[in-house]
Every structure is written in C-alpha cells, then in structure tokens.
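Undergrad: 3D, please:
(one chain, ligands or ions: 2)
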Amino acid sequence: MAGTGVFKACLDGDVYKYYADGDWKMSSSGKTVSVTNPTTGKPIYKVTACTQDEINKVFQSAKAAQKLWAKTPLYKRAEMLHKVSVIMKEHKSPLADCLVKEVAKPAKDAVTEVVRSGDLIDYTAEEGIRIMSEGKFLVSDPFPGNERNKLCLSSKVPLGVILAIPPFNYPINLSVSKIGPALITGNSVVIKPPTQGAVSTIHMMHCFHLAGFPKGLISCVTIKVSELGDFLTTHPAVNCISFTGGCDTGIAISKKANMIPLQMELGGKDTMLVLDDADVESAAVNIMKGGFAFSGQRCTAVKVVLAMESIADALVSKVNAKVAKLSVGPPENDCDIVPVVSESSANFIEGLVMDAKQKGAKLCQEWKREGNLIWPLLIDHVKPDMRIAWEEPFGPVIPVLRIKTAEEGINHCNSSRYGLQGCVFTKDVNKAMLVSDAMETGTVQINAAPARGPDHFPFQGIRDSGIGSQGVTNSINMMTKIKTTVINLPQPSYTMA
Ligand SMILES: NC(=O)C1=CN([C@@H]2O[C@H](COP(=O)(O)OP(=O)(O)OC[C@H]3O[C@@H](n4cnc5c(N)ncnc54)[C@H](OP(=O)(O)O)[C@@H]3O)[C@@H](O)[C@H]2O)C=CC1
Ligand SMILES: O=C(O)[C@H](O)COP(=O)(O)O
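TA: Numbers count the residues shown, from 1 in each chain. Ligands and ions are numbered 1, 2, ... in the order given. Sure, this is the predicted structure:
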C-alpha cells in the first residue's frame, strides 16, 4: 500500500511532502495539488505545492551538493545506484500500487515498470563506469605547422544541476532514465514529477533516500505548473533540462530555456507501414501489442496503420477478431484496456473519433465510453482530411489508411509534424532497408511494433518529436561536457617504444 511502512516518511496526514536537503517536508504554502484516480474519477492523493522560495533553496543545495558529489569516486557512485535498484525491487509492490491508482497502469505492467527501472539503474551504473573512466589523448604534431610539444587530455565532466521532468505514463521508469545518468556522471538532480504519477515518483524518490545519497544531491519538488512551471524551467541554477512529455509543452519549454543543453523526448504519431508481401498475422499481432498496450498511452504506440490495399481487408479482419477478445476494465483486474489518464484526455480522443466518423471513416467496433474508460476501436478507411490521420490520440483508438504504394505511405509518415518511430512489415529485407532509409523518424523497426526498450538502445525523435537522444549510453554522454587540459612542453618530445 502507498504511504505505508518505510514510505510513511513521505506523508503528513493525507498530504505527500516534497524532498529537499535529504528530508521530506511540507511546503509553507499550505496549498496542495490534487491527484485523481483515472478509474474512479475521484481525488486519490494530495501533494504539497512548493513555493518559489522553497525551489530557490532546493537549487542552492543542489549546486553545493553537486560539487562534492563530482569528487566522489566513480565506483562509490555506482555502488549507491546499485543499492537503489535493490531497494526499489524490494519495494516493488507499494510502488506498483501507486501506478495502478494514479495512472491506471494494469497491475502486472506496473510491477514490470518498477523492475525494469531497477534494471535500468544497474545498467546505467555499469555503463557509466565504463564511459566516465575513458578519456582522450591527442598530440599536436598531426596538425600542419605543429611539432609534438602539446599533449591534450580530455575527459567527461558533469554539467551541474539537471532538471528532470517526466510524463505521467512512465513516472518511475522515465524518472530513473534521467536520474541514473545524471548521478553516475556526477551531476545533482531536481525532479518535478507529473501531477498524475506524482506519488509514484515520490515513492521512487524515497528509494534513493533510503540508499543514503548526500543531502541536497537529489530533490523532488511538486508544484502547480500553471503557477511555477516557467520559474522552474528558466531558473538560472539549471544546467540541463531532461524532459519527456507532449510536443506543445516541450517546445514551449525549449523556447524559453536558458542557453543550456536540452533533452526533449516528445510526442509521436508512430506509423506502421504494412506492405503487400507482409506476414499479415504478425502485423496484426503487433498492432494489438503496439497499439493497445496501456490503452495506447505510450509515445511509441502504433498510432496510424498504413496498409497496402491488397492486404488491408485481411489485416483489418484479423485485428478485429483480436480486438473482440480484449478485456476492458479497471487496472486492478489487469485488464488489457484500462481507463485513460483524465477526462480531458478521453474528451480529446472522442473528438478525434467523431471527426473521423462524420467525415466517412468506418468504425469497426461500436464507439463506447464510460467515464475515462474507452473501448478499443479500429477505424478503417481513414482519409488524410481527418484529424486522426495526423494527431496523437494517446488512447485505445487506431486509424487505418489504405495506400496504393509504399511511397504513398512514406510520404504520409514524412509529412507528419512527428518523427519518433516508424515500422515496416515486409518479408523482403531489401525493401525494408529502402523504406527504413526513406522514413524520416528517429527509429524504424523492421517487422515489429515501435518500442523504446531495451532501455540502452538509442531513442530519439526528429522534427517536433524531440531534440537529442535518450537511451542509457546517450543520456550519460548528454549529461556531460568535455574538459581538456593541454600540457605545453618546453620542447618537442616524440615517444619511443
Ligand atoms: N518521446 C518520448 O519519450 C515520450 C513522449 N511522451 C509524450 O508525452 C505526452 C503525454 O504525457 P503528459 O504527461 O500528458 O505530457 P505533458 O506535456 O502534459 O506533461 C509532461 C510533464 O511536463 C510537466 N509540465 C507541463 N507543463 C509544464 C510547464 N509549463 N513547465 C514545466 N513542466 C510542465 C507536466 O507536469 P503536470 O503533470 O503537473 O502538468 C509533466 O510532468 C504524449 O504526447 C506522449 O507522446 C510520453 C512518454 C515518452
Ligand atoms: O513513454 C513512453 O511512451 C515510452 O517511452 C515508451 O516506452 P516503451 O516503448 O518501452 O513502452
């Protein structure tokens, strides 16, 4: 149960506290932010709403703690991260319980998210050891006009204070994917949890607390973004922002940010291109897994299917048969389809479906919604003038457009504002490579649905889908900069064997 056992420390009455200077604290604002249970539509948790002054203090501590942490031996940093992984896995039940209650993640998937996050931390600690232990040694004489009298040593150094902002759909995994790389490279971290997912993030944070990190090194501030979002993201103490969330939010933050490195993982309209020689059964299985898992609330969910006319009927009928078998209901029962995160999200999805229906698309299943629970829906014969051909539903609704040629599909994919992932189904590896090269997305999967994992793979979007690249290795590199020291010898010296 959330807020019990060791996690009692995060709670004051019925309000979850913020984390600063190694301690859980109530904000002096006296205000709270409410978290709603997507399944019941009722408030379930409250988190304290921090003030500007409290945020200033958090950044002050983060700056001071970072200087000492950067001088902590790398093997010790790695040891502490491994400790967090053990603690997190030990407490997977209460953490998963929060995910079920505040983002309606199916119970089994919630446990998987916690375990995956522990594994991610372990991998990050190991990868960080390797990356941070290596530098570069250059000599001056290869460059015209130079003798060998300058020796250049370069190494990777931390950026300073990393501001981490994760989204609601993976509040634990997409938090540790930022915190792990930040800490192993010697940075400090201030995390701002998503409102839906705040209590999961707080529980995750407490696992770092229990591991015994130095005071001030990691902090967790809960705020009303409408009041303090800009204050936080434009704060002069922030040396890097690692953000995952919607395009509009991410782009707005990027435009206002100071001159600092930005890691922006934003929305997607992940395209599945099914060619006429595809294994149609496999494509159908991947539409189910890729499109309906967590009710389509994944940036990598299949969000538009572009099917060649010759196989479209077979594909649609196979998917329809599988949709009929999906269970729909509360996350506690581990249903395949669970309520979407909020009423406004459900309204938005309904708007996309009604627009498509009015413009002549065929709803393969009856439109059905109860509160935030939307029954899975395949929409066939979608045309480019329909909003759902282009917009990201973030719900259990998948549009199918019928295409005559692969080029038509590639053009559709490349005309989107999004460029996160795409996938192509074909038995011809040569065709697959040509399509992959032509698809302007951060990743193209061949014969499988889009996915971020395994977590050490590079993960990036182009166009409005993001800046920079995630994945353990890339995040580690991104959260460092190069520092060089040049030894100037009084006379040229050439090394002999
Ligand atoms: N490419 C990727 O890796 C991924 C992308 N996504 C994308 O995220 C979206 C869904 O997530 P969702 O949480 O709804 O996204 P949002 O953009 O609404 O929110 C993301 C985070 O930003 C915070 N936030 C919102 N406004 C501000 C602000 N002005 N200043 C600072 N922080 C702010 C939110 O806080 P609060 O909750 O308090 O509003 C939340 O923590 C989808 O578009 C999805 O595609 C999701 C996962 C992975
Ligand atoms: O938030 C998301 O949607 C994730 O980045 C997708 O991760 P997954 O592909 O591993 O589900």
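
Undergrad: Find the nearest non-adjacent residue to residue 15, please.
TA: Of all residues not flanking residue 15 in the chain, residue 46 sits nearest, at 4.8 Å (C-beta to C-beta, 6 or more residues apart in numbering). Where C-beta positions appear, they are placed from N, C-alpha and C, glycine not excepted.

Undergrad: OK, contacts around the one you found?
TA: 14-16, 32-35 (C-beta atoms under 8 Å, 6 or more residues apart in numbering).

Undergrad: Look up phi and psi at it.
TA: Main-chain torsions, residue 46, degrees, to the nearest 10: phi -130, psi 140.

Undergrad: mind checking how far residue 306 is from residue 379?
TA: Relative to residue 379, residue 306 is positioned 13 Å away (C-beta to C-beta, to the nearest Å).

Undergrad: Give the intersection of the neighbour lists for these two.
TA: Common neighbours of residue 306 and residue 379 (C-beta under 8 Å, 6+ apart) are residue 400.

Undergrad: quick one: the helices in the stretch 101-250 of the chain?
TA: 107-132, 173-184, 198-211, 225-233, 247-256 (DSSP state H, counting those that start in this stretch).

Undergrad: Quick check: residue 234 touching residue 257?
TA: Yes: Residue 234 sits in contact with residue 257 when judged by C-beta atoms under 8 Å, with a separation of 6.7 Å.

Undergrad: The two: which has the busier surroundings?
TA: Shown here are residue 234 and residue 257; by other C-beta atoms under 10 Å, residue 257 has more neighbours (18 against 14).

Undergrad: Report the contact partners of that one.
TA: Counting by C-beta under 8 Å, 6+ apart, residue 257 touches 233-234, 241.

Undergrad: Format these as CSV; extra columns: pLDDT and distance to ligand 2.
TA: As requested, those are exported to CSV (pLDDT from 0 to 100; distance: C-beta to the nearest ligand atom, whole Å):
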residue, pLDDT, distance to ligand 2
233, 98, 20
234, 98, 25
241, 98, 17
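
Undergrad: Phi first, then psi, for the nearest residue to residue 223 once chain neighbours are set aside.
TA: Closest residue in space to residue 223, ignoring its immediate chain neighbours: residue 50 at 5.3 Å, by C-beta to C-beta, 6+ apart. Main-chain torsions, residue 50, degrees, to the nearest 10: phi -70, psi 160.

Undergrad: show me the contacts for residue 140.
TA: With C-beta under 8 Å, 6+ apart, residue 140 has these contacts: 146-152.

Undergrad: What residues does this protein have near ligand 2?
TA: Within reach of ligand 2 by C-beta under 6 Å from any ligand atom, the chain has these residues: 169-170, 174, 298-300, 451-453.

Undergrad: what ranges do the strands span in the stretch 201-350 of the chain?
TA: Assigned strands in the stretch 201-350 of the chain, in chain order: 218-220, 240-244, 262-265, 270-274, 302-308 (criterion: DSSP state E, counting those that start in this stretch).

Undergrad: Now tabulate those in JSON lines and tack on mean neighbour count.
TA: Below are the strands of the stretch 201-350 of the chain laid out as JSON lines (neighbours: other C-beta atoms under 10 Å):
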{"stretch": "strand 218-220", "mean neighbour count": "28"}
{"stretch": "strand 240-244", "mean neighbour count": "26"}
{"stretch": "strand 262-265", "mean neighbour count": "23"}
{"stretch": "strand 270-274", "mean neighbour count": "29"}
{"stretch": "strand 302-308", "mean neighbour count": "28"}
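
Undergrad: and ligand 1, which of these is closest to it?
TA: Nearest of those to ligand 1, taken as C-beta to the nearest ligand atom: strand 262-265 at 3.2 Å.

Undergrad: Quick one: residues in contact with the closest one.
TA: Contacts for strand 262-265 (C-beta under 8 Å, 6+ apart): 174, 178, 240-245, 250-251, 253-254, 299, 459-461, 465-470, 475, 478.

Undergrad: and the helix or strand encompassing residue 85, what other elements does it pack with?
TA: Assigned by DSSP states H and E, residue 85 falls within helix 74-90. On a contact count with 3 or more C-beta pairs under 8 Å, 6 or more residues apart in numbering; DSSP states H and E, helix 74-90 meets helix 107-132, helix 173-184, helix 198-211.

Undergrad: Out of those, which gets nearest to residue 310?
TA: helix 107-132 (35.4 Å; C-beta to C-beta).

Undergrad: now check the closest one, is it near ligand 1?
TA: No: under the criterion of C-beta under 6 Å from any ligand atom, helix 107-132 makes no contact with ligand 1; the nearest approach is 12.3 Å.

Undergrad: Next, the buried residues of that helix.
TA: Residues of helix 107-132 classed as buried by neighbour count (16 or more other C-beta atoms under 10 Å): 107, 109-128, 131-132.

Undergrad: per-residue pLDDT, residue 184?
TA: At residue 184, the pLDDT value in this model is 98.

Undergrad: Cool, thanks, signing off.
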